[in-house]
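[1] Fold the following and give me the result.
(2 chains)
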Amino acid sequence: DAMVIQNPRYQVTQFGKPVTLSCSQTLNHNVMYWYQQKSSQAPKLLFHYYDKDFNNEADTPDNFQSRRPNTSFCFLDIRSPGLGDAAMYLCATSSPATATDTQYFGPGTRLTVL
Amino acid sequence: RKEVEQDPGPFNVPEGATVAFNCTYSNSASQSFFWYRQDCRKEPKLLMSVYSSGNEDGRFTAQLNRASQYISLLIRDSKLSDSATYLCVVNSASGNTGKLIFGQGTTLQVKP
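    Numbering: from 1, shown residues only, chains lettered A, B, ... in the order given. Coordinates of the predicted model:
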């Protein structure tokens, strides 16, 4: 019944060791988003895909990359995680075709950097 | 100035109380507005969209004042299960994709 799925739910990595977070959706939505949320802060948009078109936020560090091989899957790659990258990473989807911009969030991946 | 501003609280209220949260946004071109609820260490979940005419969903009422760039959420008859962080969210994007701007969130603690 899950609509937006994120794996793993918890990820521990070492400083500088690349890590990939995964998001999949069963909603067939065009748009997929990645947000970063640090403790007691608001979620911050990193980038999004509209179909295959990638849209990066101006202040997203180059350390963060994304891939969307097909409609259902989207990946967040952190090339060299720093201690400051420890956060909850949220994936969301939306479907402009439904004439609503409601976004549906996955449960998030909590990243710890040692 | 933050694009979306909320009083972070916490708001501590007894069960059954009525509580109101306010939010202001800076981009007058913003097109749609939402309240999301986020429980501790969980993802945000859509509580309700906010329409210009105001809208109600059970114990929850949302209001939008475009002239003042102000959004509110009223919760009546608070339940213990209402304890959470309430995020005011504004979509500032034009075109087909949503760029949600989140407020910091207002924390509500409902006590027995």
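[2] which sections of the chain are below the confidence cut-off?
    Since you didn't name a chain, this refers to chain A. Low-confidence segments of chain A (pLDDT under 70): A:1-2, A:97-101.
[3] actually chain B
    Within chain B, the segments meeting pLDDT under 70 span B:93-98.
[4] Near chain B, which residues of chain A are found?
    Contact residues, chain A versus chain B (CB under 8 Å from any CB of the partner chain): A:31, A:40-45, A:48, A:50, A:55, A:88, A:90, A:94, A:96, A:100-108, A:110. (Each C-beta comes from the backbone N, C-alpha and C, glycine too.)
[5] how about the strands in the chain?
    I'll assume chain A. A:4-7, A:10-13, A:19-25, A:31-37, A:44-50, A:53-56, A:64-67, A:73-78, A:87-94, A:104-105, A:109-113 (DSSP state E).
[6] um, chain B though
    Along chain B, counting by DSSP E, strands occupy B:4-6, B:11-14, B:19-25, B:32-38, B:44-50, B:55-57, B:60-65, B:70-75, B:84-91, B:100-102, B:106-111.
[7] Identify the residue spatially nearest to residue A:112, adjacent ones excluded.
    Excluding the flanking residues, the one nearest residue A:112 by CB to CB, 6 or more residues apart in numbering or on different chains is residue A:12, at 4.6 Å.
[8] which parts of chain B sit against chain A?
    Counting by CB under 8 Å from any CB, the residues of chain B that sit close to chain A are B:4, B:31-32, B:34, B:41-46, B:49, B:87, B:91, B:93, B:96-100, B:102-105.
[9] Identify the residue nearest residue B:28 in space, chain neighbours excluded?
    Leaving aside its chain neighbours, residue B:28 sits nearest to residue B:69 (6.3 Å; criterion: CB to CB, 6+ apart).
[10] Contacts only, for that neighbour.
    Residues in contact with residue B:69, defined by CB atoms under 8 Å, 6 or more residues apart in numbering or on different chains, are B:24-26, B:28, B:30.
[11] can you redo the residues you listed as CSV with neighbour count?
    Putting these into CSV (neighbours: other CB atoms under 10 Å in any protein chain shown) gives the following:
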residue, neighbour count
B:24, 18
B:25, 23
B:26, 14
B:28, 9
B:30, 20
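[12] pretty sure residue B:10 is touching residue B:110, no?
    No - using CB atoms under 8 Å as the test, residue B:10 is too far from residue B:110 to be in contact (10.7 Å).
[13] Among those two, which residue is more densely surrounded?
    residue B:110 (20 against 12; other CB atoms under 10 Å in any protein chain shown).
[14] Specify the beta-bridge partners of that one.
    Counting by DSSP bridges, residue B:110 forms beta bridges with residue B:13.
[15] tell me the contacts of it?
    Residue B:110 sits next to B:13-15, B:17, B:78-83 when contact means CB under 8 Å, 6+ apart.
[16] So for the residue nearest the centre of chain A, what's the nearest residue that isn't a sequence neighbour?
    Centroid-nearest residue in chain A, with CA atoms, centre = their mean: residue A:34, separated by 2.9 Å. Once flanking residues are discounted, residue A:34 sits nearest to residue A:46: 4.6 Å by CB to CB, 6+ apart.
[17] partner residues bridging residue A:105?
    Assigned bridge partners for residue A:105, using DSSP bridges, are residue A:92.
[18] my read: it touches residue A:92, true?
    Yes - in this structure residue A:105 lies within contact range of residue A:92 using CB under 8 Å: 4.7 Å.
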